[in-house]
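In: I'll drop the sequence and a predicted model, then ask my questions.
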Amino acid sequence: MSAQRIDGTGVAAQVRAKVAKAVKALPGQPALAVVLVGEDPASQVYVRSKVRLTEEAGMVSVHHQLPATATQAEVEDLIARLNADDTIDGILLQLPLPKGLDEHSAIECIDPDKDVDGLTEVSAGRLTLGKPGLRPCTPNGCVILAKSALGADLSGRHVVVIGRSILVGKPAALLFLAENCTVTIAHSRTADLPAVCRTADILVPAVGRPNMVKGDWVKPGATLIDVGINRIPASEKGEGKTRLVGDADFADCEPVAGHITPVPGGVGPMTIACLLRNTVLAACTRRGWSVPESL
Ligand SMILES: Nc1nc2c(c(=O)[nH]1)N[C@@H](CN(C=O)c1ccc(C(=O)N[C@@H](CCC(=O)O)C(=O)O)cc1)CN2
């Protein structure tokens, strides 16, 4: 039996449709400011998508472009101005920043109530303590995709997250814990990683290593939520061509897993959908609006 594919593109479209419906029910229009520093081609693509999908959902999008030569003070001054701008509900600093800039310091300048990426220390603290707050987008997308495959109640499932990054691994572990899952965080020093992965009901590789997870790392019938988006050479497509693959070897894992996310078309599209959702939530909290039920 081959695994059922989890359609991240479709689920993300459903989330965005709910966001658009919620926006229509609000007394005003939420606004998202996206800050891009430098000209990293992948970041430019992501930022263009964020701007377009924010507007498609009926919200205001403000794009700030700084040159790759921008100083730490210039980045942080812009964030301070956006914090003080009452018309802005959400601030997103596109990552990675150009070499020489301190990402952590810049992120910490974002007003936690406008932190639609959920990456400030206050947001991380709220998540850790189980308090209301804005949750990181990609991990939130992983939980939504797991629920779309397995149903709303994930309690008791054993989740193995491979990777301990601040952007994905750690918050994903906390979000699955909040769903009453039993969570293991595995990483590069984990002993016998394949054996640990085989204990997972839900396996979440998030390490950025193309095709690392093999079929014999997967418990038969398990759900595989692949966070990796890796561009590798694809000589079969022609000289200099590339293609995207996940952290799991899809062809090897598909016959073993029960459900599996493809790359592309899996977790990736959920990141922006969850960002739009967070922008509505931030606007409601800041402006004292009740969150529309449709969200
Ligand atoms: N401030 C942030 N920076 C970055 C984040 C983030 O969540 N916040 N995540 C990534 C990039 N990212 C959004 O910013 C992102 C990555 C991938 C996708 C996506 O839809 N991917 C598609 C494939 C797209 C392609 O062809 O290249 C897919 O997987 O189907 C959306 C957003 C790093 N930076």
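Out: Alright, I've got the coordinates.

In: ok, how many other residues are close to the residue in the stretch 51-200 of the chain positioned nearest to the ligand?
Out: Nearest residue of the stretch 51-200 of the chain to the ligand (CB to the nearest ligand atom) works out as Leu95 at 3.6 Å. Just so you know, the C-beta spots here come from the backbone N, C-alpha and C atoms, and that holds for glycine as well. By other CB atoms under 10 Å, the residues close to Leu95 number 15.

In: quick one: low-confidence parts of the stretch 101-250 of the chain?
Out: By pLDDT under 70, the stretch 101-250 of the chain contains no weakly predicted segment.

In: residues of it that sit close to the ligand?
Out: Residues of the stretch 101-250 of the chain lying close to the ligand by CB under 6 Å from any ligand atom are Asp117, Cys137, Thr138, Ile229, Leu244.

In: could you list which of those belong to strands?
Out: Residues of these located in strands (DSSP state E): Leu244.

In: can you tell me which of the residues of the stretch 101-250 of the chain next to the ligand is nearest Gln44?
Out: Closest approach between those and Gln44, by CB to CB: Ile229, at 15.6 Å.

In: mind listing what the closest one touches?
Out: Contacts for Ile229 (CB atoms under 8 Å, 6 or more residues apart in numbering) come out as Leu244, Gly246, Val263, Pro264, Val267, Gly268.

In: widest-spaced pair of the residues you listed?
Out: The largest separation in these, counting by CB to CB, is between Leu244 and Val267 at 11.7 Å.

In: ok, the two, which is more surrounded?
Out: Higher neighbour count among Leu244 and Val267: Val267, with 28 against 16, using other CB under 10 Å.

In: please list all residues in contact with that one.
Out: Contacts of Val267 (CB under 8 Å, 6+ apart): Gly8, Thr138, Gly141, Cys142, Leu145, Ile225, Asp226, Val227, Ile229, Thr261.

In: how much space separates the first one from the ligand?
Out: This points to Gly8. Relative to the ligand, Gly8 is positioned 7 Å away (CB to the nearest ligand atom, to the nearest Å).

In: what does the pLDDT read for the nearest residue to that residue once chain neighbours are set aside?
Out: Distance criterion CB to CB, 6 or more residues apart in numbering; nearest residue to Gly8, sequence neighbours excluded, is Gly266 at 4.0 Å. As predicted, Gly266 sits at a pLDDT of 98.

In: and Gly266, how far from the ligand?
Out: Gly266 sits 6 Å away from the ligand, going by CB to the nearest ligand atom.

In: and that residue, how many neighbours?
Out: For Gly266, the count of nearby residues is 29 (other CB under 10 Å).

In: and for the one 4 residues further on?
Out: Other residues within reach of Met270, judged by other CB under 10 Å, total 28.

In: what's the answer for Cys181, then?
Out: Around Cys181 there are 20 other residues, counting by other CB under 10 Å.

In: so Val183 is in which element?
Out: strand 182-186 (DSSP states H and E).

In: and the helix or strand encompassing Ala73, what other elements does it pack with?
Out: Assigned by DSSP H and E, Ala73 belongs to helix 72-84. Packed against helix 72-84 by the contact rule (3 or more CB pairs under 8 Å, 6 or more residues apart in numbering; DSSP states H and E) you find strand 31-37, strand 60-66, strand 90-93, helix 103-108.

In: now do the third one: everything it contacts.
Out: This means strand 90-93. Contacts for strand 90-93 (CB under 8 Å, 6+ apart): 30-35, 37, 50, 75, 79, 82-83, 103, 106-107, 110-111, 114-117, 275, 278-279, 282-283.

In: which of the residues you listed are buried?
Out: Buried members of these, scored by 16 or more other CB atoms under 10 Å, are 30-35, 37, 50, 75, 79, 82-83, 106-107, 110-111, 114-117, 275, 278-279, 282-283.

In: which residue does the protein have closest to the ligand?
Out: Gly268 (2.1 Å).

In: count of neighbours near that residue?
Out: 24.

In: try Pro139
Out: With other CB under 10 Å as criterion, Pro139 counts 31.

In: go ahead and confirm it touches Leu177.
Out: No: taking CB atoms under 8 Å as the definition, Pro139 is not a contact partner of Leu177, at 11.2 Å.

In: so the residue in the chain sticking out farthest from the centre: helix, strand or coil?
Out: No residue in the chain sits farther from the centre than Glu239, which is 32.0 Å out by CA atoms, centre = their mean. When classified by DSSP: H, G, I helix; E, B strand; the rest coil, Glu239 comes out as coil.
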